[in-house]
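K.L.:
No sequence on hand, only this structure:
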Ligand code: ADP
Ligand code: MG
């Protein structure tokens, strides 16, 4: 080999060694980079967990704030972010109602018609039937007459198919409970003015109208002698449905797409009603609690960003931390931050993750329910929703932790809201029995309507409904545990239970309990 060739070989060897060193350096540095990114992601997680934390003292502050805001909302119109709407429901079903009643339930893209034959304490619900009809999209943005006429037409054809087992009272009109889950200012049990539409409806000429009168007119035009006896929202329907089966039900909470609560209040506590107090001594209040706010709520940057990008910034703050429409999106925002700042899912941010609401709460709960040792379901959801392939277990663990943090915070805040209501009505165990009994004995007719005073009744039942509560088991478990944690010993007297689909039948039961027929 000539001298020149030796030099070339040596040169090649040097180049190869350098390349190998460089490759090794790249591997080491990329490992280091991944490690440092993972560390960064963990820091983001830890910071988020701290910002979301709801230790007992903080939860108690939320409980107190809820009770204070409830009080303020009852004293004057606009006194609180809680509207605390009087519903004029001063009598709840007992179980002894009899006869045939109808309900119409309009609260979203579907509406339902329902009939129920009630047989009193013994027979209870003898028979019930319902039908669900999609509202044609053009009617959601059309005229008031078209919308209510469509509802009247569907109701009319449902009535025409009234079969065996349903017996209207001879010579009396059929009565209807109308569940209408849009913001309404009620002026009586069976009248209320539509304040504004939500959920994609935009029937402009209906705003400011009495929705009961509008539907009643369309029903009459079709030649039916049916009377709308009660106008309620879904929360009040759930309360009525729960009370029908269990006289200890005092509170109803819906945790679905949105959230709201209703409860039985002493009439005298509703100062803003002045002298128009119901004789029964009690009234159901529709809290519209989704709009609750308190500086004690643990708000994060993700919540602020979410709020700013919604159609109603600054409103429904509580709802945005606890309800099904938003929980998944809070998770998405934290994951997006980790993707952008710490390349959690690789060098590129998954494009779809930039899209608001691309992670639904059902996806979140699916990941959170993953009990497998390798968090396979978490990996599958990330792949199916965002096209992220081959995530490591460390990444899947971080994603799981984010879901857990958001669900736990929402559930504990919902629990604090419930305990706030219990506190307001003297059933959180902090009032002396003597005080509660003596306060309530001042109220005429309290016993008459079948609500035992706290010191005697023992139990207070909270009727829960809504897809989030029903289907997200870890959320439910966190919520129930927090209620127990907050109430301590008094928790033995409080039952939080699922009361499925009270909102439809509840309106029919309310119609029965207020109607002349039903009290016979
Ligand atoms: P709505 O509140 O619209 O009347 P639902 O009470 O049925 O209807 O609640 C539906 C909501 O419940 C959905 O928008 C979703 O946020 C939530 N949800 C449904 N299924 C699940 C699930 N498996 N896990 C968690 N949340 C769910
Ligand atoms: Mg609903």
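P.N.:
That came in fine, so what should we check first? Worth saying up front: this structure is predicted, and the values here are computed from it rather than measured. Ligands and ions are numbered 1, 2, ... in the order given.

K.L.:
Can you show me the strands along the stretch 351-500 of the chain?
P.N.:
460-465, 494-498 (DSSP state E, counting those that start in this stretch).

K.L.:
Actually, the chain.
P.N.:
Per DSSP state E, the chain carries strands over the ranges 85-86, 98-106, 110-119, 125-134, 174-180, 184-188, 191-194, 226-232, 249-255, 259-266, 282-286, 460-465, 494-498.

K.L.:
Need those strands in TSV (columns: mean pLDDT and distance to residue 79).
P.N.:
C-betas here are computed from N, CA, C, even on glycine. Converted to TSV, these look like this (pLDDT from 0 to 100; distance: least, CB to CB, whole Å):
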stretch	mean pLDDT	distance to residue 79
strand 85-86	92	13
strand 98-106	94	30
strand 110-119	93	34
strand 125-134	94	39
strand 174-180	95	25
strand 184-188	90	16
strand 191-194	95	20
strand 226-232	95	24
strand 249-255	97	21
strand 259-266	96	15
strand 282-286	95	13
strand 460-465	97	25
strand 494-498	96	28
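
K.L.:
Distance to ligand 1 and mean neighbour count for those strands - can I get that in CSV?
P.N.:
Shown next, in CSV, are the strands of the chain (distance: least, CB to the nearest ligand atom, whole Å; neighbours: other CB atoms under 10 Å):
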stretch, distance to ligand 1, mean neighbour count
strand 85-86, 19, 22
strand 98-106, 10, 25
strand 110-119, 9, 21
strand 125-134, 12, 14
strand 174-180, 11, 27
strand 184-188, 17, 16
strand 191-194, 18, 20
strand 226-232, 14, 26
strand 249-255, 7, 28
strand 259-266, 8, 25
strand 282-286, 15, 25
strand 460-465, 7, 25
strand 494-498, 11, 17
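
K.L.:
Need those strands in JSON lines (columns: distance to residue 240).
P.N.:
Formatted as JSON lines, the strands of the chain follow (distance: least, CB to CB, whole Å):
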{"stretch": "strand 85-86", "distance to residue 240": "16"}
{"stretch": "strand 98-106", "distance to residue 240": "10"}
{"stretch": "strand 110-119", "distance to residue 240": "12"}
{"stretch": "strand 125-134", "distance to residue 240": "13"}
{"stretch": "strand 174-180", "distance to residue 240": "8"}
{"stretch": "strand 184-188", "distance to residue 240": "15"}
{"stretch": "strand 191-194", "distance to residue 240": "16"}
{"stretch": "strand 226-232", "distance to residue 240": "7"}
{"stretch": "strand 249-255", "distance to residue 240": "8"}
{"stretch": "strand 259-266", "distance to residue 240": "9"}
{"stretch": "strand 282-286", "distance to residue 240": "8"}
{"stretch": "strand 460-465", "distance to residue 240": "9"}
{"stretch": "strand 494-498", "distance to residue 240": "15"}
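
K.L.:
Tell me which of these lies nearest to residue 317.
P.N.:
Smallest distance to residue 317 across those (CB to CB): 11.4 Å, for strand 259-266.

K.L.:
With residue 504 as the reference, name the closest of the strands of the stretch 351-500 of the chain.
P.N.:
Here strand 460-465 is closest among the strands of the stretch 351-500 of the chain (CB to CB), at 10.4 Å.

K.L.:
Residues in contact with the closest one: which ones?
P.N.:
For strand 460-465, the external contacting residues (CB atoms under 8 Å, 6 or more residues apart in numbering) are 234, 238-239, 241-243, 246, 248-256, 418, 422, 427, 454, 493-503.

K.L.:
Contact residues of the stretch 251-400 of the chain facing ligand 1?
P.N.:
Counting by CB under 6 Å from any ligand atom, the positions of the stretch 251-400 of the chain adjacent to ligand 1 are 256, 257, 258, 324, 325, 361, 362, 365.

K.L.:
Most widely separated two among those residues?
P.N.:
For those, the maximum inter-member distance is 16.9 Å, found between 258 and 365 (CB to CB).

K.L.:
Next, find the distance separating the nearest residue to residue 110 once chain neighbours are set aside from residue 165.
P.N.:
Closest residue in space to residue 110, ignoring its immediate chain neighbours: residue 132 at 5.1 Å, by CB to CB, 6 or more residues apart in numbering. Distance of residue 132 to residue 165, given as CB to CB, to the nearest Å: 20 Å.

K.L.:
ok, now residue 336?
P.N.:
Distance of residue 336 to residue 165, given as CB to CB: 55 Å.

K.L.:
my read: residue 408 touches residue 479, true?
P.N.:
No. Judged on CB atoms under 8 Å, residue 408 makes no contact with residue 479 at a distance of 9.4 Å.

K.L.:
neighbours of residue 489, just the number please.
P.N.:
As a burial measure, residue 489 scores 8 neighbours (other CB atoms under 10 Å).

K.L.:
got it, and the one 4 residues further on?
P.N.:
Residues near residue 493, counting by other CB under 10 Å, number 18.

K.L.:
do the same with residue 323
P.N.:
Neighbour count of residue 323, defined by other CB under 10 Å: 23.

K.L.:
Helix or strand with the lowest mean pLDDT in the protein?
P.N.:
helix 433-441 (a mean of 43; mean pLDDT, DSSP states H and E).

K.L.:
Now do the same contact list for the nearest residue to residue 366 once chain neighbours are set aside.
P.N.:
Leaving aside its sequence neighbours, residue 366 sits nearest to residue 381 (CB to CB, 6+ apart; 5.8 Å). By CB under 8 Å, 6+ apart, the contact list for residue 381 reads 363, 366, 367.

K.L.:
Of these, which is the most crowded?
P.N.:
Greatest neighbour count in those, by other CB under 10 Å, goes to residue 367: 24 neighbours.

K.L.:
Which of residue 408 and residue 479 has more residues huddled nearby?
P.N.:
For residue 408 and residue 479, the more surrounded residue by other CB under 10 Å is residue 479, and the numbers stand at 28 against 22.

K.L.:
before we move on, back to that, can you say which of the strands of the chain is nearest to residue 311?
P.N.:
The minimum distance between residue 311 and the strands of the chain falls on strand 259-266, with 17.1 Å, by CB to CB.

K.L.:
what packs against that closest one?
P.N.:
Secondary-structure packing of strand 259-266 (3 or more CB pairs under 8 Å, 6 or more residues apart in numbering; DSSP states H and E): helix 234-245, strand 249-255, strand 282-286, helix 317-322, helix 393-424.
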